[in-house]
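K.L.:
The following block contains a protein sequence and its predicted model.
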Amino acid sequence: MDELDTAILGELQRDGRQTNRELAEHLAPSTCLERVRSLRADGVIEGLHTEVSLDAIGRPVQALINVRLHPKIREAVEGFRDYVAALPEALAVFVVSGGDDFIIQVGVRDAGHLRDFVLDHVARHRNIADVRTSLVYDHIRKTSVEVLPPAPPSRRRTARKR
């Protein structure tokens, strides 16, 4: 990733519907197109998405559901992950380390819908050891991710001979 790739990536994140001509305002369109194709081929650009307003589609209540499983075996973790990810209320599913095994972000109609989702779909799953739910009061999602500069070279400590 050089400065040009970073600039192209920033512009696409700002507005993914730009034409190649608009994107290539300060360079040759063929160069721009080739750079975008390379970013896609290298897996830097994974796709373009439409951001949907949860309020506008009748899902204004968001919550984070922390789940602990028992037993913590691969089949249980992968099975629960796939099960929850397929539910329409799930917005994101994170498999995490620490005290919990999962954090599930959901978008629902109201508190009753949240209760029903937790009781009917999460808590009754056969491998659940614990469930905790936190209501989200406010949510800010970054729509643009900056490219970080390369990490500095690691410093090796060498033992001094005395």
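P.N.:
Now that the structure is in, tell me what you want to look at.
K.L.:
make it CA atoms for all contacts and neighbour counts henceforth
P.N.:
Will do.
K.L.:
Mind jotting down where the strands sit in the chain?
P.N.:
Counting by DSSP state E, one finds strands in the chain at the ranges 61-69, 90-95, 102-108, 128-136.
K.L.:
okay if I get these as JSON lines plus distance to Glu22?
P.N.:
Below are those laid out as JSON lines (distance: least, Cα to Cα, whole Å):
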{"stretch": "strand 61-69", "distance to Glu22": "36"}
{"stretch": "strand 90-95", "distance to Glu22": "32"}
{"stretch": "strand 102-108", "distance to Glu22": "35"}
{"stretch": "strand 128-136", "distance to Glu22": "38"}
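K.L.:
Please parse this structure into its domains.
P.N.:
Residue ranges for the domains of the chain, per automatic domain parsing: 3-41, 61-136.
K.L.:
quick check: mean pLDDT across the last one?
P.N.:
Domain 61-136 shows a mean pLDDT of 97 in the predicted model.
K.L.:
and that domain, how far out from the chain's middle?
P.N.:
16 Å (Cα atoms, centre = their mean, to the nearest Å).
K.L.:
so Pro29 sits right up against Ile8, yeah?
P.N.:
No: Pro29 lies out of contact with Ile8 (Cα atoms under 8 Å); the separation is 12.0 Å.
K.L.:
Give the burial count for the closest residue to Ala24 other than its chain neighbours, as a bare number.
P.N.:
Using Cα to Cα, 6 or more residues apart in numbering and skipping the chain neighbours, the partner closest in space to Ala24 is Cys32 (5.6 Å). If you count neighbours by other Cα atoms under 10 Å, Cys32 ends up with 20.
K.L.:
do the same with Ser30
P.N.:
Using other Cα under 10 Å, Ser30 has 12 other residues around it.
K.L.:
Looks like Val106 contacts Arg59 (just checking).
P.N.:
No: counting by Cα under 8 Å, Val106 does not reach Arg59; the two are 9.1 Å apart.
K.L.:
Give me the buried positions along stretch 95-104.
P.N.:
100-104 (16 or more other Cα atoms under 10 Å).
K.L.:
can you redo those residues as TSV with distance to Lys142?
P.N.:
Converted to TSV, those look like this (distance: Cα to Cα, whole Å):
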residue	distance to Lys142
Asp100	25
Asp101	24
Phe102	22
Ile103	19
Ile104	18
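K.L.:
Alright, that wraps it up for me.
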